[in-house]
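Enquirer: would you be able to build a 3D model of this:
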Amino acid sequence: MPDLAAIVIHCRDPYLLAPFWSAVTGLPVAKVDQVRLADRSLGPTQAVLLRDPSGHRPDIWISPADDLPAPGRIHLDLVGDAEERAAVLGAGATVVRELPRWTVLADPEGNEFCLLPRAEAHGDQTPPGH
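Expert: Numbers count the residues shown, from 1 in each chain. Predicted structure coming up:
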(Lines give C-alpha, C1' and ligand atoms only; values in the text may rest on other atoms or scores of the structure.)
Protein backbone atom coordinates (compact mmCIF):
# COMPACT_ATOMS: atom_id res chain seq x y z
CA MET A 1 0.00 0.00 0.00
CA PRO A 2 1.21 3.54 -0.67
CA ASP A 3 2.29 5.67 2.28
CA LEU A 4 0.59 8.96 3.07
CA ALA A 5 3.15 11.61 2.11
CA ALA A 6 1.23 14.86 2.48
CA ILE A 7 -2.08 16.53 3.19
CA VAL A 8 -3.05 19.56 1.11
CA ILE A 9 -5.27 22.21 2.65
CA HIS A 10 -6.73 24.52 0.01
CA CYS A 11 -7.37 28.04 1.22
CA ARG A 12 -8.03 31.59 0.20
CA ASP A 13 -5.23 33.13 2.31
CA PRO A 14 -2.08 31.09 3.01
CA TYR A 15 -0.72 33.99 5.09
CA LEU A 16 -3.58 33.37 7.52
CA LEU A 17 -3.82 29.58 7.42
CA ALA A 18 -0.15 28.52 7.34
CA PRO A 19 0.62 29.98 10.79
CA PHE A 20 -2.71 28.62 12.13
CA TRP A 21 -2.13 25.04 10.96
CA SER A 22 1.52 25.22 12.00
CA ALA A 23 0.44 26.15 15.54
CA VAL A 24 -2.33 23.53 15.64
CA THR A 25 -0.26 20.63 14.29
CA GLY A 26 3.12 21.60 15.73
CA LEU A 27 4.66 21.28 12.26
CA PRO A 28 7.05 24.13 11.54
CA VAL A 29 6.86 26.16 8.36
CA ALA A 30 9.74 25.26 6.02
CA LYS A 31 12.55 27.83 6.23
CA VAL A 32 12.14 29.14 2.67
CA ASP A 33 8.42 29.60 3.29
CA GLN A 34 9.06 31.37 6.61
CA VAL A 35 10.84 34.07 4.63
CA ARG A 36 8.08 34.26 2.01
CA LEU A 37 5.42 34.56 4.72
CA ALA A 38 7.37 37.26 6.55
CA ASP A 39 8.00 39.18 3.31
CA ARG A 40 4.48 38.50 2.02
CA SER A 41 6.18 37.39 -1.19
CA LEU A 42 4.30 34.21 -2.06
CA GLY A 43 3.31 33.91 -5.69
CA PRO A 44 -0.44 33.70 -6.43
CA THR A 45 -0.37 29.90 -6.69
CA GLN A 46 2.55 29.21 -4.34
CA ALA A 47 1.87 26.80 -1.47
CA VAL A 48 3.43 26.87 1.99
CA LEU A 49 5.05 23.70 3.34
CA LEU A 50 4.69 22.53 6.94
CA ARG A 51 7.23 19.77 7.55
CA ASP A 52 8.16 17.55 10.48
CA PRO A 53 11.97 17.80 10.80
CA SER A 54 12.10 14.19 11.98
CA GLY A 55 10.20 12.99 8.91
CA HIS A 56 7.83 10.90 11.03
CA ARG A 57 4.64 12.76 10.09
CA PRO A 58 3.19 13.64 6.69
CA ASP A 59 3.85 17.07 5.22
CA ILE A 60 1.02 19.57 5.12
CA TRP A 61 0.80 21.96 2.18
CA ILE A 62 -1.24 25.14 2.58
CA SER A 63 -2.20 25.85 -1.00
CA PRO A 64 -4.17 28.80 -2.39
CA ALA A 65 -7.25 28.02 -4.47
CA ASP A 66 -9.81 30.29 -6.09
CA ASP A 67 -12.87 28.05 -5.99
CA LEU A 68 -13.52 26.57 -2.56
CA PRO A 69 -16.69 24.81 -1.46
CA ALA A 70 -18.04 25.55 2.02
CA PRO A 71 -16.97 24.43 4.58
CA GLY A 72 -13.76 23.68 2.65
CA ARG A 73 -11.95 20.82 0.98
CA ILE A 74 -10.54 19.16 4.05
CA HIS A 75 -11.78 17.51 7.18
CA LEU A 76 -9.11 16.54 9.66
CA ASP A 77 -9.72 14.59 12.85
CA LEU A 78 -7.30 15.66 15.57
CA VAL A 79 -6.79 14.11 19.00
CA GLY A 80 -6.11 16.21 22.04
CA ASP A 81 -6.73 16.87 25.71
CA ALA A 82 -8.24 19.96 27.34
CA GLU A 83 -4.92 21.84 27.29
CA GLU A 84 -4.43 21.12 23.58
CA ARG A 85 -8.03 22.17 22.89
CA ALA A 86 -7.33 25.49 24.60
CA ALA A 87 -4.20 25.92 22.46
CA VAL A 88 -6.18 25.22 19.26
CA LEU A 89 -8.79 27.79 20.27
CA GLY A 90 -6.01 30.21 21.20
CA ALA A 91 -4.50 29.78 17.73
CA GLY A 92 -7.75 31.04 16.18
CA ALA A 93 -10.13 28.08 15.89
CA THR A 94 -13.80 28.53 16.70
CA VAL A 95 -16.27 25.99 18.06
CA VAL A 96 -18.88 25.02 15.45
CA ARG A 97 -20.73 22.50 17.62
CA GLU A 98 -20.21 20.29 20.63
CA LEU A 99 -21.15 16.66 20.14
CA PRO A 100 -21.35 14.00 22.84
CA ARG A 101 -17.96 12.46 22.01
CA TRP A 102 -16.05 15.21 20.14
CA THR A 103 -16.07 18.86 19.15
CA VAL A 104 -16.39 20.25 15.64
CA LEU A 105 -14.17 23.31 15.19
CA ALA A 106 -13.38 25.63 12.28
CA ASP A 107 -10.10 27.20 11.22
CA PRO A 108 -9.99 30.95 10.47
CA GLU A 109 -11.38 30.37 6.94
CA GLY A 110 -14.23 28.14 8.13
CA ASN A 111 -12.74 24.73 7.24
CA GLU A 112 -14.22 22.33 9.76
CA PHE A 113 -12.22 19.76 11.69
CA CYS A 114 -12.90 17.60 14.72
CA LEU A 115 -11.09 17.37 18.02
CA LEU A 116 -11.52 14.02 19.73
CA PRO A 117 -10.50 13.13 23.25
CA ARG A 118 -7.74 10.51 23.26
CA ALA A 119 -10.15 7.82 24.51
CA GLU A 120 -12.35 8.28 21.39
CA ALA A 121 -9.52 8.32 18.88
CA HIS A 122 -8.89 4.63 18.61
CA GLY A 123 -12.36 3.18 18.95
CA ASP A 124 -14.35 1.38 16.27
CA GLN A 125 -16.82 4.28 15.90
CA THR A 126 -17.65 6.01 12.65
CA PRO A 127 -15.12 8.77 12.00
CA PRO A 128 -16.50 12.12 13.22
CA GLY A 129 -16.60 14.01 9.94
CA HIS A 130 -18.24 11.26 7.98
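Enquirer: what residue lies at the spatial centre of this structure?
Expert: residue 21 (4.3 Å; C-alpha atoms, centre = their mean).
Enquirer: who's in contact with that residue?
Expert: When contacts are counted by C-beta atoms under 8 Å, 6 or more residues apart in numbering, residue 21 touches 9, 27, 50, 60, 62, 107. Where you see a C-beta, it was placed from the backbone N, CA and C, and this is true even at glycine.
Enquirer: checking it next. Helix, strand or coil?
Expert: helix (DSSP: H, G, I helix; E, B strand; the rest coil).
Enquirer: can you start the count at 661 instead of 1 from here on
Expert: Fine by me, first position is 661 from now on; the one you just mentioned is residue 681.
Enquirer: any idea how far it is from residue 707?
Expert: Separation of residue 681 from residue 707 (C-beta to C-beta, to the nearest Å) stands at 12 Å.
Enquirer: out of the contacts of residue 681, which comes closest to residue 738?
Expert: residue 767 (11.2 Å; C-beta to C-beta).
Enquirer: so the closest one touches residue 673, yeah?
Expert: No - judged on C-beta atoms under 8 Å, residue 767 makes no contact with residue 673 at a distance of 10.8 Å.
Enquirer: on that earlier part again, can you name the two of the contacts of residue 681 that sit furthest apart?
Expert: 687 and 767, at 14.4 Å, using C-beta to C-beta across the contacts of residue 681.
Enquirer: thinking again about what came up before, shared neighbours of residue 681 and residue 707, which are they?
Expert: Taking C-beta under 8 Å, 6+ apart as the contact rule, residue 681 and residue 707 both touch residue 722.
Enquirer: circling back to that earlier point, tell me which of residue 687 and residue 767 has more neighbours.
Expert: Neighbour count, other C-beta atoms under 10 Å: between residue 687 and residue 767, residue 767 has more, with 24 against 18.
Enquirer: mind listing what the closest residue to that one other than its chain neighbours touches?
Expert: In space, and not counting its chain neighbours, residue 767 is closest to residue 680: 5.6 Å by C-beta to C-beta, 6 or more residues apart in numbering. By C-beta under 8 Å, 6+ apart, the contact list for residue 680 reads 751, 752, 753, 767, 768.
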